[in-house]
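Colleague: can you look at this prediction? I've put the sequence above it.
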Amino acid sequence: MQRGLPMQPTVILLKEGTDTSQGKGQLLSNISACLAVADTLSSTLGPRGMDKLIVSDRGEAEITNDGATILKLLDIVHPAAKTLVDIARAQDAEVGDGTTSVVLLAAQMLKESRSYIEEGAIDRIKEVQIAIDKSDPAKYDELLIKCASTSMSSKLIHSQKPFFSRMVVDAVKCLDQDDLDESLIGVKKVPGGGLQDSLLVRGVAFKKTFTYAGAEQQPKMFINPKIVCLNVELELKAEKDNAEVRVEAVSDYQAIVDAEWQIIYDKLERIHKTGAQVVLSKLPIGDLATQWFADRGVFCAGRVPADDLRRVTQAVGGTVQSTTSDILPESLGTCGKFE
């Protein structure tokens, strides 16, 4: 007599109340949801595209024609339609433009395939690829400029497309062509002037940081200088804010103050012994250190933004130092000209 099989426990993969469906009907429903999203974005594309006014539940209004922004503000709950949102986010993160176009292209492909699905055509995937000829640098540059110009058509700077398209292509060509880390391209905004006053710096530029009076005596231009990048604070702190000290005599208090001054002087001496002519730090550089460096012909800048300091180390070499002790020669960078 054959023994019965043991009963298998019921495994619940979806929470109670979840609706599950499949087949041709659900596939067509997914396509319809994606087309509804595309219809919302279609009127924003092109030179005659219109802006969308979106009001949130809290009454906050936002006007935009950017596809990624619109999809982020819309409360899309359909799972298939959310796929288009992911496509737009990926396009925005990878390229930074063309979010509306990629959504409309995907939706149009779904629209064209709907009739075949209704007729029961078999699945088939084709690969479409266009080869780009890089053998002629002039033609390749012209193609890149056209791509940059197209992405600027709906932006505020569209009236200066030829000027900025050339600048964008030149900036990208300054990057490592095998890596193309776009985060190494920084945009600095300076009040005043016009669009044509914009320029491309083939190097690293950062805004003038807050400085003390001694900075005016520092040299502002070096040829082939040694550069040290720090994450060290070179500033005296007020004792009343940072420590509690009990003393019995004035001389004891003076000894504590002298020790604090000696600590910062030791830091400055160690930095100067490296031979660095340019000192950059993410943390503040106080008036004492500024004047000390000025007396020795060294330029210093504190509170340099972290992104700018990372670009500096990428361009000049070296590494950011978190201490002034034992700074090795290979930890310093250099450049052709600093000003």
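Modeller: Received the coordinates, thanks. Residues are numbered from 1 along each chain as shown.
Colleague: which stretches of the stretch 1-150 of the chain form helices?
Modeller: 24-42, 67-73, 79-94, 99-119, 137-151 (DSSP state H, counting those that start in this stretch).
Colleague: give me the low-pLDDT residue ranges for the stretch 151-300 of the chain?
Modeller: 154, 237-243, 245 (pLDDT under 70).
Colleague: which parts of it are strands?
Modeller: 222-223, 226-230, 278-281, 299-301 (DSSP state E, counting those that start in this stretch).
Colleague: got phi/psi on K208?
Modeller: When read as degrees, to the nearest 10, the backbone of K208 gives phi -60, psi 130.
Colleague: residues in contact with it?
Modeller: A301 (C-beta atoms under 8 Å, 6 or more residues apart in numbering). Quick note: C-beta positions are derived from backbone N, CA and C, even for glycine.
Colleague: any idea how far it lies from D266?
Modeller: 29 Å (C-beta to C-beta, to the nearest Å).
Colleague: go on, G192?
Modeller: 43 Å.
Colleague: same drill for those two, tell me which one is more crowded.
Modeller: With neighbours defined as other C-beta atoms under 10 Å, G192 and D266 compare such that D266 has more, 12 against 5.
Colleague: what's the closest non-adjacent residue to the more buried one?
Modeller: T324 (8.0 Å; C-beta to C-beta, 6 or more residues apart in numbering).
Colleague: ok, that neighbour touching K273?
Modeller: No - between T324 and K273 no contact is recorded; they are 9.7 Å apart, counting by C-beta atoms under 8 Å.
Colleague: of the two, which one has the most company?
Modeller: Higher neighbour count among T324 and K273: T324, with 19 against 10, using other C-beta under 10 Å.
Colleague: do you know which of the strands of the stretch 151-300 of the chain lies nearest I87?
Modeller: strand 226-230 (39.2 Å; C-beta to C-beta).
Colleague: show me what that closest one is packed against.
Modeller: strand 278-281, helix 306-316, strand 320-321, strand 333-334 (3 or more C-beta pairs under 8 Å, 6 or more residues apart in numbering; DSSP states H and E).
Colleague: the longest one: which residues count as buried?
Modeller: I take that to be helix 306-316. D308, L309, R310, R311, V312, T313, V316 (16 or more other C-beta atoms under 10 Å).
Colleague: go through those residues and name the one nearest E244.
Modeller: L309 (34.1 Å).
Colleague: need the pLDDT of that closest one.
Modeller: Here the pLDDT value assigned to L309 is 88.
Colleague: before we move on, back to that, dump the helices and strands packed on strand 226-230 into a markdown table; add distance to A148 as well.
Modeller: Formatted as a markdown table, the helices and strands packed on strand 226-230 follow (distance: least, C-beta to C-beta, whole Å):
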| stretch | distance to A148 |
| --- | --- |
| strand 278-281 | 32 |
| helix 306-316 | 22 |
| strand 320-321 | 33 |
| strand 333-334 | 31 |
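Colleague: closest one to K188 among the ones you listed?
Modeller: Across the helices and strands packed on strand 226-230, closest to K188 is helix 306-316 (C-beta to C-beta), at 9.0 Å.
Colleague: so what touches that closest one?
Modeller: 183-184, 186, 203-204, 206, 227, 229, 280, 282, 304, 319-320, 333-335.
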